[in-house]
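Peer 1: next comes the sequence, and after it the predicted model I'd like to discuss.
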Amino acid sequence: MAGGRLTQQERQQIALGLADDLAYAEIARRLERPTSTITREVDRNGGPLAYRADLAHRATERRARRRKQGPPPGQAVRGRGPDDEAVREYEETFTTLLMGQGLPRMTARVLTCLFTADTGSVTAAELVQRLQISPASVSKAIAFLETQGLIRRERDERRRERYFVDEDVWYQSTIAAAHGIAQVAATARQGVTVLGRTSPAATRLENIARFSDFISESMLRAAEQVREVLHTKPAPSPQDALPDAD
């Protein structure tokens, strides 16, 4: 089946699949849809336990009407290209990806909004308007992203706080992940001592520690190398250094 919005019949099939404890991938296969489409549909409409086909269909129609009406003048967060629906689908796809990496849905939506903002930054009020969420939800998401070093805040000329995605966001995220894996290695080695080095469990834990050490060190090394390459400006060519002829 081609792309496009889910029909009411398809939503009923999703509800039946959830009731039968089918995996999202299996439901997607039966509907000939991408798994990400089913994931987004269920997540934005109550989750697998609360999903209802009729409610989901009505909610989608309400969102479509709001999009046609558009935001009030002066409140748009970002300019849109000619295909607004494609942009929204992409944002949902990116949000789903971030959720798969462990971010809560609301936090993932806020981070995606920051990634895709043409201005490179947004205010709390713009996030509330763009995502149709409460100021408290924005505040909670921003606080979490700050603790992870993923965003920074500054005040603009109107003394409003603006939130920016740090240029080193993926570097910092990779470094944090590498340190987390290194902690797994250290904890596994503690178990080797506790359980006795000759026990089968200790051997298993030592293998986990060695694997984790290797992955952590490789990630740190690769992150530093890539960062250096991306942040190094190319040297001027010899021709650029020649003085202009009179």
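Peer 2: Arrived safely.

Peer 1: residue contacts, the residue nearest to Thr93 when sequence neighbours are not counted?
Peer 2: Taking C-beta to C-beta, 6 or more residues apart in numbering as the measure, Thr93 lies nearest to Ser36, with 5.6 Å between them; neighbours along the chain are not counted. For the C-beta atoms, the positions are set from N, CA and C on the backbone; glycine is no exception. By C-beta atoms under 8 Å, 6 or more residues apart in numbering, the contact set of Ser36 is Glu92, Thr93, Thr96.

Peer 1: same thing but 10 Å
Peer 2: Neighbour list for Ser36: Tyr24, Ala28, Glu89, Glu92, Thr93, Thr95, Thr96, Leu97, Gly100 [criterion: C-beta atoms under 10 Å, 6 or more residues apart in numbering].

Peer 1: got it, and Gly100?
Peer 2: With contacts defined as C-beta under 10 Å, 6+ apart, the neighbours of Gly100 are Ser36, Thr39, Ala108.

Peer 1: same question for Ala124.
Peer 2: Taking C-beta under 10 Å, 6+ apart as the contact definition, Ala124 lies against Val110, Pro135, Val138, Ser139, Ile142, Arg153, Arg160, Glu161, Arg162, Tyr163.

Peer 1: and if you look at Tyr51?
Peer 2: Arg11, Ile14, Ala15, Gly17, Leu18, Ala19, Glu41, Val42, Asp43, Arg44, Asn45.

Peer 1: check which helix or strand it maps to.
Peer 2: Take DSSP states H and E as the rule and Tyr51 turns out to sit in neither a helix nor a strand.

Peer 1: can you tell me the closest non-neighbouring residue to the residue positioned nearest the centre of the chain?
Peer 2: Within the chain, the residue whose C-alpha comes closest to the C-alpha centroid is Leu98; the distance, by C-alpha atoms, centre = their mean, is 2.6 Å. Using C-beta to C-beta, 6+ apart and skipping residues adjacent in sequence, the residue nearest Leu98 is Ala108, 3.7 Å away.

Peer 1: wait, the one you found touches Leu97, no?
Peer 2: Yes - under the criterion of C-beta atoms under 10 Å, Ala108 makes contact with Leu97 at 8.1 Å.

Peer 1: just to revisit the earlier point, so which of the contacts of Tyr51 comes closest to Thr174?
Peer 2: Asp43 (25.9 Å; C-beta to C-beta).

Peer 1: I'd like the distance between the closest residue to the closest one other than its chain neighbours and Gln13.
Peer 2: Nearest residue to Asp43, sequence neighbours excluded (C-beta to C-beta, 6+ apart): Arg105, at 6.1 Å. Between Arg105 and Gln13 the computed distance is 23 Å (C-beta to C-beta, to the nearest Å).

Peer 1: so between the two, which is more surrounded?
Peer 2: Gln13 (18 against 15; other C-beta atoms under 10 Å).

Peer 1: can you pull out the helices in this protein?
Peer 2: Counting by DSSP state H, residue ranges of the helices within the chain are 8-19, 24-31, 35-43, 53-69, 84-100, 105-116, 124-131, 135-147, 169-195, 200-231, 238-241.

Peer 1: Ser134: neighbour count?
Peer 2: Ser134 has 11 neighbours, counted by other C-beta under 10 Å.
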